[in-house]
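> Just the structure for this:
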Amino acid sequence: MIEILTSQTSQHINYRSSSKRTITDYRIRSTVDVADLDLRNAELSLPPIRLQSEYTYGAGYMPEFSVKYFSFLRSLQSYEEEGIEPPEPGSLEIPSKVLPLEIVQRALQVSAAGEFRFSLIIDEEIEFGDLHARQVFERQVSPGEEDGSEVIFLLNKTMSEHGDVPIREYSEMVGDLRNEIIWRVTVHGATNQHCHLEIDDLTQRFELNEYKERIELAVRSFGGAVLERIPSYFSQHFPTTNGVPLTVKVVIDEVPVNSPVRIYLARRAPELECFYPTGNDVLDKIIKSVHGELLKRGLPVSPESCQYQRVLNQLLKYRNSLLTANPKAKFADPSVLRRSELEFHNHLYIRLINDLEFGEKTIYEATTGNSRIDLLISDIPTELKVERRLDVSTEDIIATYCAQAGEYVARCNSSFGFLVVLDAVLGRPTPTASVDQDLLIVDVPTASGKPLAVIGMVMRLPEPPSRLSKAKTKLKSAVTRITGT
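Now for the predicted structure:
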């Protein structure tokens, strides 16, 4: 009266659950007219199913079997999945409680083809390492073109008697945010719609572009060291399950067979990042450049000793405030700062204590042996000077005072310090420099031969509007003479 026909069998491996799933589709059809078929009152059972996939019982392990089908409720249908007892190898009789005959009856009546379809699912545990051992899954890691980057090459060659065996929910741990900055992840061979990033302890999953945007915001957020800011940012903006988000994984929905997949990772060294961002791209770039130069010299600027970046951050902001001074901003009148070096010392000191929030970390005229350093900011020696010569360059200004500043730095038992020079001359014959050109790092020789560096910075005062107009007129005249226009 009824018979069971095999449709097709497919297999896939689930990396996340370490299992292999075999799905065989079946069709039940009636050998008589459906109108004459009444399974509900007949003492019938479904014909036994000849299993289409071999499976083995491991030591203490038994595969899981289940049947998935459509249940028909009036005119609606929905998926049902029922587990069944594993059979002996060879054949399987589906209990009537799993596929009630009244459901089959209903399906045969409403189906246009007069068929009832269901699937037999067999889930087996596997060891993913076995795929490597059998050389049916290949994974290679090689350096990328950028510094700190790498490429992870994946190739799935898993086949069975039923055809290709793709690997689903493949995940690759790409880094730990406690130790490194995973800056960018791109995947070739699987489109963005088929892969995403996960961070442990976060319920949020991230598309690749979204993660890139978020990590940029995290690096630029304010706080302590960069490796503290990133986990803190994600914890504040996304729901967490247990602890601090740290491990980053790329998850690929499906790694097809004989189709290479490449994961490109771009990392950024935490030691080259701003530990105390200013929020200004130009100033942040300068801080990172200074940090890189100090690293090249082998000076102690590890994440645990980078308070100097906060000092440099505030000195750059102070310089910028001088150039944008206005009566409402509590900044000193440029004419007052030009009167004496003492006025400059006092103004910067007050700003560090009050507006720049350094407070007790700033010591005025700190004693260093038998001499004094103008300021000791968070234990970093800082020498202050005022420049009044007319025709000198940035290099000349810093070179004039760096030896004395280096002497004070050495007496403070420091390996580097700051030299801050206020340019008190208005209307120089040549244009003043931009902030990145007004900051130089000078190596100062020491008797011990140990490296010592002075970070020299020139502070500029704003030019009066009348002088700027005259400077522009002279520059235009010069261009006219050169070009002949």
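
> Name the residues of stretch 437-453 that are buried.
Across stretch 437-453, burial judged by 16 or more other CB atoms under 10 Å covers 438-442, 444, 451-453. C-betas here are computed from N, CA, C, even on glycine.

> quick one: which of those residues is nearest Leu202?
Leu439 (39.2 Å; CB to CB).

> Make sure the closest one is actually in contact with Val454.
No - with contacts counted by CB atoms under 8 Å, Leu439 stays clear of Val454, the gap being 11.2 Å.

> just the helices in this protein please.
When assigned using DSSP state H, the helices of the chain occupy the ranges 101-110, 128-133, 208-220, 226-237, 281-296, 307-323, 334-337, 341-353, 394-411, 465-483.

> export the ones you listed to JSON lines and tack on distance to Arg50, mean neighbour count and mean pLDDT?
Converted to JSON lines, these look like this (distance: least, CB to CB, whole Å; neighbours: other CB atoms under 10 Å; pLDDT from 0 to 100):
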{"stretch": "helix 101-110", "distance to Arg50": "19", "mean neighbour count": "18", "mean pLDDT": "78"}
{"stretch": "helix 128-133", "distance to Arg50": "27", "mean neighbour count": "12", "mean pLDDT": "88"}
{"stretch": "helix 208-220", "distance to Arg50": "45", "mean neighbour count": "16", "mean pLDDT": "86"}
{"stretch": "helix 226-237", "distance to Arg50": "52", "mean neighbour count": "18", "mean pLDDT": "82"}
{"stretch": "helix 281-296", "distance to Arg50": "68", "mean neighbour count": "17", "mean pLDDT": "83"}
{"stretch": "helix 307-323", "distance to Arg50": "72", "mean neighbour count": "20", "mean pLDDT": "81"}
{"stretch": "helix 334-337", "distance to Arg50": "95", "mean neighbour count": "16", "mean pLDDT": "62"}
{"stretch": "helix 341-353", "distance to Arg50": "85", "mean neighbour count": "18", "mean pLDDT": "81"}
{"stretch": "helix 394-411", "distance to Arg50": "86", "mean neighbour count": "19", "mean pLDDT": "90"}
{"stretch": "helix 465-483", "distance to Arg50": "92", "mean neighbour count": "10", "mean pLDDT": "42"}
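
> For Asp374, find the nearest of these.
helix 341-353 (5.9 Å).

> mind listing the strands for the stretch 51-200 of the chain?
Using DSSP state E, counting those that start in this stretch, the strands of the stretch 51-200 of the chain run over residues 64-73, 76-84, 91-92, 115-125, 137-143, 150-156, 159-160, 163-164, 167-176, 181-188, 195-199.

> Ile103: which of these is closest?
Closest among the strands of the stretch 51-200 of the chain, using CB to CB: strand 64-73, at 5.8 Å.

> Convert the C-alpha atoms of that closest one to CSV, please.
Provided in CSV are the C-alpha atoms of strand 64-73 (Å, rounded to 0.1, in the frame of the first residue of the first chain):
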residue,chain,number,x,y,z
GLU,A,64,22.5,10.2,17.6
PHE,A,65,19.6,9.5,15.3
SER,A,66,16.6,11.8,14.6
VAL,A,67,13.9,12.2,12.0
LYS,A,68,12.8,15.6,10.7
TYR,A,69,9.5,16.1,8.9
PHE,A,70,6.6,18.4,8.2
SER,A,71,3.6,18.0,10.5
PHE,A,72,0.2,19.0,9.0
LEU,A,73,-2.1,20.9,11.3
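
> Hey, what's the angle from it to strand 76-84? Just curious.
160 degrees (axes from the mean of the first three to the mean of the last three CA atoms, to 10 degrees).

> can you tell me the average pLDDT over strand 64-73?
Averaged over strand 64-73, pLDDT sits at 82.

> what helices or strands is that strand leaning on?
Counting contacts by 3 or more CB pairs under 8 Å, 6 or more residues apart in numbering; DSSP states H and E, strand 64-73 packs against strand 76-84, helix 101-110, strand 115-125.

> From the buried residues of stretch 437-453, pick the one nearest Cys412.
Proximity of the buried residues of stretch 437-453 to Cys412 was ranked by CB to CB; the top entry is Leu452 with 10.7 Å.

> tell me the contacts of that closest one?
With contact taken as CB atoms under 8 Å, 6 or more residues apart in numbering, Leu452 is in contact with 406, 409-410, 415-416, 443-446.

> Try it again at 7 Å.
Each residue near Leu452 by CB atoms under 7 Å, 6 or more residues apart in numbering is listed here: 406, 409-410, 415-416, 444, 446.

> Can you say which two of these are spatially most distant?
Farthest pair in the contacts of Leu452 (CB to CB) is Phe416 and Thr446. Separation: 11.7 Å.

> was I right about Ser259 contacting His188?
No - at 10.7 Å, Ser259 and His188 do not qualify as touching, with contact defined as CB atoms under 7 Å.

> what about the two, which has more around it?
Ser259 (14 against 11; other CB atoms under 10 Å).

> returning to what we had before: okay, the helices and strands packed on strand 64-73 in a markdown table with distance to Tyr401 next?
Converted to a markdown table, the helices and strands packed on strand 64-73 look like this (distance: least, CB to CB, whole Å):
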| stretch | distance to Tyr401 |
| --- | --- |
| strand 76-84 | 80 |
| helix 101-110 | 92 |
| strand 115-125 | 73 |
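
> who wins for proximity to Gln135 among the ones you listed?
Checking those against Gln135 by CB to CB gives strand 115-125 as the closest, at 20.4 Å.

> quick revisit: looking at the contacts of Leu452, which one is closest to His347?
Checking these one by one against His347 (CB to CB), the nearest turns out to be Val409, at 22.7 Å.

> Hmm, that closest one is touching Gly417, no?
Yes - under the criterion of CB under 7 Å, Val409 makes contact with Gly417 at 3.8 Å.
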